[in-house]
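Enquirer: Let's see this in three dimensions:
(one chain, ligands or ions: 1)
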Amino acid sequence: MRKTEATAAAEKERPWAAVGLLMEAATPEKATLWRGLIWLLLAAGLEALGPIISKHFIDTYLQPRHFDAGAMAQLLLALLLSSWASSWIRFGQLSRMAGVARRSVLRLREKVYAHVLALPMSYFDSAITGQLVSRVTNDSEAVNTLYRQVLYVMLDSSIVVLGSLIAMAWLDWRLMLIVATLVPAMVMIIALYQRLSAPAVARARQLRSDINAQMAESMAGMAMLQAAGAAQRFGARFERSNQAHLKARVAELSANAWLLRPALDLLNVLLLVTVIYGFGRREVSGLEVGLLFAFLSYIARVVEPLIQITMQFGQLQQSMIAAARVRSLLQENVAPSQAVAGHAISAGAIKIEHLSFGYDAQRPVLRELDLDIEAGSFIGIVGHTGSGKSTLLSLLLRFYRAQSGQITIDGQALASFPDEAFRAAVGLVPQEPYLMAASARENITMGRQISADAVIAAAKAARVHDFLSGLPQGYDTVLGEGGARVSTGQKQLIAMARALAGSPRILFLDEATSNIDSATEQTVSEALIALRGRVTVVAIAHRLSTIREADQIIVLNHGHLVERGRHQELMAHAGGIYQRLVQLQALEE
Ligand SMILES: Nc1ncnc2c1ncn2[C@@H]1O[C@H](COP(=O)(O)OP(=O)(O)OP(=O)(O)O)[C@@H](O)[C@H]1O
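Expert: The predicted structure follows:
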């Protein structure tokens, strides 16, 4: 099952579980939330006082036409103060809650990003980058809305409803029961609305994420897209997704406009009619007028918050789905650590025994590999396309776990090295070098504490110092997106400087010389040879001249290790794969 489908299934299962996520992110501010709850209870109490004061005013002074200016002024003042204080408390709590929401979203986003950074590489094989970006940014922002609605509007409205019901029960419990029927009726309407609109809400969300993914995909592959004349097709595909998104949103809003609002209004009117009818059937005494007034006020106070809760239900549902997606991303397993504290790579001797691996366990890519790499030696890996060279490197880099066999470094299991110790001791020059939109220096240090001299030494060793110092601001020139143009070959050299700057014990190179000219390649291979005895170098090379001087060259074929030896030894193997590869390359040149 693709990861996106698995995630969708998880979302379907437990949308309400997302509330747990919300609480968790707010944990450091629990005290503020409890205080907020107490203030909201107080505000609701003050607000519930209003109709009781009015009832008293009507029944004691207005109805009997008993004008006691002092007492009346006191009552009116109390009315004014209670409603004013209630509004102020609400306003204060709303701003405070918004602060909690902002900080919680910040924490959540940091947590999600840290989690994504810790996910195993296998996760990214099937994840869609645009969707992931959308999780970290849009979805965690949607959780912000969830805070303001669940924690504030819903809580505040529920407290007001509860306060009003209690006040009504105190005034006349039978009439209160009639008003209380409103609550289950509303719940039923909400449930119906949810059933009708949920598919549209989920679809709108998925489509929005698709739109993001398409956008990210086309930006990343713009050159290919334009070169293949696919701009129009992509435009049309984008339009289809956009239209589908609009349709889903309209369906959602229609359910709101045609079902929710009219049903709520009808309920309100029915309730008023019932209560007024209830009063009509009683003996009307002078006292009942104040009671009627109080009840009508309370009904308005109950209906309005309930409408508030329901009207925001659509948005709330969207936020819940977003929170559920964030949650399911957070539940993606981070590779379990088998690290043993204190284990560190000192010499860099690698031993591979009976190693077998397949991305899909049924289809092995590497089969029963055995290999001994002495510390400080230089190993070349060659083989046809798809023979498993990069896969072997990925296993050595701990991006994946082999299904059987084992890899040890300096006699310790590969998985036993703590992450930091492992990454510090290992350097990688990948097949597709990646530059950040940052200065050349930052691209080399990658946030590590590396002195300016060490940066220059690494750049010199990677034969890229002349190029970097010749840039307009030297090592401080911004490279990558929006910065100076850097050729693919230069990117490879910068990636090499980055790897060397960390003073690794082991250096992995994945076709690091395929895009540089022969003269530079010559100096790079010299640099690799110069590392001999100090750094274990494992280099995959299509350009065989890079690894000609290697201590050991291994040849992979369909995941099997079929030849091994020094260049001369392998060349002596008539009809061998290595010999053929060298001859073919000589012909090409
Ligand atoms: N992430 C992945 N998920 C599934 N299969 C993969 C993945 N990466 C590689 N493969 C498959 O594993 C096999 C070996 O690929 P690998 O990249 O290791 O070959 P290679 O020898 O490095 O090839 P090349 O010289 O073209 O880089 C190929 O059949 C490839 O399709």
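Enquirer: Tell me the confidence at the residue nearest the centre of the chain?
Expert: For the chain, V136 is the residue whose C-alpha lies nearest the centre (CA atoms, centre = their mean; 2.9 Å). Looking at V136, its pLDDT is 76.
Enquirer: same deal with the one 10 residues further on?
Expert: L146 carries a pLDDT value of 76.
Enquirer: Next: the one 10 residues further on.
Expert: Here, the pLDDT recorded for D156 equals 81.
Enquirer: This structure - how does it break down into domains?
Expert: Domain assignment for the chain by automatic domain parsing gives 3-331, 350-588.
Enquirer: wait, does the longest one make contact with the ligand?
Expert: When you say that, I think you mean domain 3-331. Yes. Applying CB under 6 Å from any ligand atom, one finds domain 3-331 in contact with the ligand at D125. Where C-beta positions appear, they are placed from N, C-alpha and C, glycine not excepted.
Enquirer: and F67, which of the three is it?
Expert: coil (DSSP: H, G, I helix; E, B strand; the rest coil).
Enquirer: burial count for it?
Expert: Applying other CB atoms under 10 Å, we find 9 residues neighbouring F67.
Enquirer: And the pLDDT for it?
Expert: For F67, the pLDDT comes out at 81.
Enquirer: separation between the closest residue to it other than its chain neighbours and the ligand?
Expert: Spatially, and ignoring its direct neighbours in sequence, F67 is nearest to Y61 (6.6 Å; CB to CB, 6 or more residues apart in numbering). Distance, Y61 to the ligand, by CB to the nearest ligand atom, to the nearest Å: 82 Å.
Enquirer: And for A180?
Expert: To the ligand, A180 is 59 Å away according to CB to the nearest ligand atom.
Enquirer: Now do the phi/psi pair for that residue.
Expert: phi -70, psi -20 (degrees, to the nearest 10).
Enquirer: List the residues that contact it.
Expert: Shown in contact with A180 (CB atoms under 8 Å, 6 or more residues apart in numbering): L165.
Enquirer: Mean pLDDT lowest where, among the domains of the chain?
Expert: When these are ranked by mean pLDDT, domain 3-331 comes last with a mean of 81.
Enquirer: Please compute how far that one lies from its chain's middle.
Expert: Here domain 3-331 is found 24 Å from its chain centre; the criterion is CA atoms, centre = their mean, to the nearest Å.
Enquirer: burial measure for the residue nearest to F67, as a count.
Expert: Y61 has 17 neighbours, counted by other CB under 10 Å.
Enquirer: how near is it to L94?
Expert: Counting by CB to CB, to the nearest Å, the separation of Y61 from L94 is 35 Å.
Enquirer: okay, the domains of the chain in JSON lines with distance to V340 next?
Expert: Listed next are the domains of the chain as JSON lines, based on distance: least, CB to CB, whole Å:
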{"stretch": "domain 3-331", "distance to V340": "19"}
{"stretch": "domain 350-588", "distance to V340": "5"}
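Enquirer: got the contact list for stretch 55-63?
Expert: With CB under 8 Å, 6+ apart as the test, stretch 55-63 has contacts from 66-68, 71-72, 75-76, 79, 171, 286-287, 289-291, 293-294.
Enquirer: Let's see that with 10 Å instead.
Expert: Contacts of stretch 55-63 with the rest of the structure, by CB atoms under 10 Å, 6 or more residues apart in numbering, involve 54, 64, 66-69, 71-72, 75-76, 78-79, 167, 171, 285-295, 297.
Enquirer: Just those: which are in strands?
Expert: Cross-referencing the contacts of stretch 55-63 against strands under DSSP state E gives no overlap.
Enquirer: of those, buried ones?
Expert: Buried subset of the contacts of stretch 55-63 (neighbour count, 16 or more other CB atoms under 10 Å): 54, 75, 79, 167, 171, 288-295, 297.
Enquirer: In the stretch 201-350 of the chain, which residue sits nearest the ligand?
Expert: Closest contact between the stretch 201-350 of the chain and the ligand, by CB to the nearest ligand atom, is at A335 (15.2 Å).
Enquirer: list the contacts for T520?
Expert: The contact partners of T520, taken as CB under 10 Å, 6+ apart, are A462, R463, V464, F467, G489, Q490, Q492, L493, T513.
Enquirer: Does A495 touch M436 like I think?
Expert: No. A495 sits out of contact with M436 when judged by CB atoms under 10 Å, with a separation of 11.4 Å.
Enquirer: Quickly list what's touching both of these two.
Expert: Joint contacts of A495 and M436 (CB under 10 Å, 6+ apart) are N443.
Enquirer: Please say which of these two ends up with more neighbours.
Expert: Taking other CB under 10 Å, A495 and M436 do not tie; A495 has more neighbours (26 against 14).
Enquirer: Now the more buried one: which helix or strand?
Expert: Element membership for A495, per DSSP states H and E: helix 488-501.
Enquirer: Would you mind writing the CA trace of that helix as PDB?
Expert: C-alpha atoms of helix 488-501 as PDB (Å, rounded to 0.1, in the frame of the first residue of the first chain):
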ATOM      1  CA  THR A 488      26.900  20.200 -12.000                       C
ATOM      2  CA  GLY A 489      30.600  19.400 -11.900                       C
ATOM      3  CA  GLN A 490      31.300  22.300  -9.600                       C
ATOM      4  CA  LYS A 491      28.400  21.100  -7.400                       C
ATOM      5  CA  GLN A 492      30.100  17.800  -7.200                       C
ATOM      6  CA  LEU A 493      33.300  19.400  -6.100                       C
ATOM      7  CA  ILE A 494      31.600  21.500  -3.500                       C
ATOM      8  CA  ALA A 495      29.800  18.400  -2.200                       C
ATOM      9  CA  MET A 496      33.300  16.800  -2.000                       C
ATOM     10  CA  ALA A 497      34.600  19.700   0.000                       C
ATOM     11  CA  ARG A 498      31.600  19.400   2.300                       C
ATOM     12  CA  ALA A 499      32.300  15.800   2.900                       C
ATOM     13  CA  LEU A 500      36.000  16.300   3.500                       C
ATOM     14  CA  ALA A 501      35.500  19.300   5.800                       C
END
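Enquirer: And the helices in the stretch 101-250 of the chain?
Expert: Ranges of helices within the stretch 101-250 of the chain are 121-126, 129-134, 140-146, 155-171, 173-180, 182-220, 222-227, 231-255, based on DSSP state H, counting those that start in this stretch.
Enquirer: now the angle from the fourth one to helix 173-180?
Expert: In terms of direction (axes from the mean of the first three to the mean of the last three CA atoms, to 10 degrees), helix 155-171 departs from helix 173-180 by 150 degrees.
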